[in-house]
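A.B. asks: Here is my input, please return the structure:
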Amino acid sequence: MATPKQRRYFPLRPCVNHFSHHHPLRPVDQIEAEEQLFCSGCGLQAIGSTFMCTKSDCDFLLHKSCFGLNLELQHQSHPHHSLKLLPTPPHDYKAKYFFICNACHDYGTAFDYHCSICRFDLHVACARLPKTIKHMDHQHLLTLYYSFSCINHDITSFFCDLCGQDVPNGLWVYYCDICDYGIHSRCTIPDSNSHHLS
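C.D. replies: Got it, this is the predicted structure:
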């Protein structure tokens, strides 16, 4: 049986509290990829500096960047209302343990940027997607659109040029109008083994 890896705590730094958790958190200077720990805020693998629960039987931890997320967000995809950061999916949903992200239509069980008026939800990672990206599979910058009908109102269907899947209208897409090349947002998010929000 493997011995748990000893973590290096910052000895002179005090524990801190976070609205999303009922125990104090302590800064940890380095989490290695092989430890296979996941952030309780964004759900992605925790690598690098984190805040970890001080209770030995609790596996709650946050990336440093997730610890500092804005509690309220004004997002261009939902301009009429601000989004509030929830530590768990909204309790008034039928499925109380997850939400469906309006950007990628995937489920989420961690932090949720939420509009209670419209029942609009975004993963933390989706809320932080950049307006333009350089993708390794295309030579030009790709621009983020909040649905394929925003590219051209005459488009009736959209297929991701990376994975080949049919993309329903309303899913976020990255698009190059020079080449008529587009991919849906989930094909641009690095997998959890290589991603760390900065």
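
A.B. asks: Thought residue 140 was touching residue 132, still the case?
C.D. replies: No: Residue 132 is not in contact with residue 140 according to C-beta atoms under 8 Å; the separation is 9.8 Å. Bear in mind the C-beta positions are built from the backbone N, C-alpha and C, glycine included.

A.B. asks: What strand or helix carries the spatially most central residue of the chain?
C.D. replies: Here the mean C-alpha position of the chain is nearest to the C-alpha of residue 125 (C-alpha atoms, centre = their mean), at a distance of 2.0 Å. Element membership of residue 125 [criterion: DSSP states H and E] is helix 124-127.

A.B. asks: Parallel or antiparallel, which strands does the helix or strand just after that helix pair with?
C.D. replies: Helices and strands here follow DSSP H and E; after helix 124-127, the next one along the chain is strand 132-134. The pairing partners recorded for strand 132-134 under DSSP bridges are strand 141-145 (antiparallel).

A.B. asks: then the strand it pairs with to CSV, C-alphas only?
C.D. replies: Written as CSV, here are the backbone C-alpha positions of strand 141-145 (Å, rounded to 0.1, in the frame of the first residue of the first chain):
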residue,chain,number,x,y,z
LEU,A,141,-7.7,32.9,-34.5
LEU,A,142,-11.2,31.5,-33.6
THR,A,143,-13.9,33.8,-32.2
LEU,A,144,-16.4,32.8,-29.5
TYR,A,145,-20.1,32.9,-30.5
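
A.B. asks: got the contact list for that strand?
C.D. replies: Contacts of strand 141-145 from elsewhere in the structure, counted by C-beta atoms under 8 Å, 6 or more residues apart in numbering, are 129-135, 151, 172-177, 181-183, 185, 188.

A.B. asks: how much space between residue 44 and residue 128?
C.D. replies: 11 Å (C-beta to C-beta, to the nearest Å).

A.B. asks: who's more crowded, those two?
C.D. replies: The residue with more neighbours, out of residue 44 and residue 128, is residue 44; 23 against 16, by other C-beta atoms under 10 Å.

A.B. asks: how close does that one get to residue 123?
C.D. replies: Between residue 44 and residue 123 the distance, using C-beta to C-beta, works out to 10 Å.
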